[in-house]
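got a sequence here, can you model it:
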Amino acid sequence: MRGSGRLVAMFGMLFLLAGCRSPWIQCTIVNHEDAPVSLVEVNYPGGSFGVQTIAAGASYHYRFHSLSTDTLSLSFTDAARQSHTATGPELKQKQEGSLGIDIQPGNRVTWTPALTSGH
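Next up, the predicted model:
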């Protein structure tokens, strides 16, 4: 009886853990410029993240939670030391999926969200 009680408790914990899943957004920033960009920062609902430099043709990956509803923004400095800011799409709380941010030649930024409502 005692062993079966532990087994039931263990399966109960596994069931609960399997049902608990946080909605993540996997973000990839790609630098399509011919030179590195620096001081790259993404502001999203509930936080921000950044990286010192993304080399020409390179990418940077980061995973985050959207903690509220607000608009995304990206700021970076180009090789000529000019600052740029781009406004992106609106994120809603608990969305999940992927978000592509491409820094195109001429410092143009394109956004590719593939998001769904989280649980």
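
okay, now the residue nearest to Ser73 when sequence neighbours are not counted: neighbour count?
Closest residue to Ser73 apart from its sequence neighbours, by Cβ to Cβ, 6 or more residues apart in numbering: Asn43 at 4.7 Å. Just so you know, the C-beta spots here come from the backbone N, C-alpha and C atoms, and that holds for glycine as well. By other Cβ atoms under 10 Å, 18 other residues sit near Asn43.

surely Asn43 is within a strand?
Yes: counting by DSSP: H, G, I helix; E, B strand; the rest coil, Asn43 is found in a strand.

distance of it relative to Leu91?
11 Å (Cβ to Cβ, to the nearest Å).

now swap in Leu39 and tell me
Distance of Leu39 to Leu91, computed by Cβ to Cβ: 22 Å.

one more: Ile101?
12 Å.

so where is the chain shaky, pLDDT-wise?
Along the chain, segments meeting pLDDT under 70 span 1-21, 118-119.

quick one: the helices in it, in order.
Under the criterion DSSP state H, helices of the chain are mapped to 2-19.

so where do the strands sit in it?
Secondary structure of the chain (DSSP state E): strands at 25-31, 37-44, 47-54, 59-64, 70-77, 83-91, 95-104, 108-117.

shared neighbours, Asn43 and Leu91?
By Cβ atoms under 8 Å, 6 or more residues apart in numbering, Asn43 and Leu91 have these common neighbours: Leu72.

once you drop chain neighbours, what's closest to His61?
Distances taken as Cβ to Cβ, 6+ apart place Thr28 nearest to His61, at 5.3 Å, with adjacent residues excluded.

Ser98: what's it in contact with?
Ser98 makes contact with 25-28, 113-115 under the criterion Cβ under 8 Å, 6+ apart.
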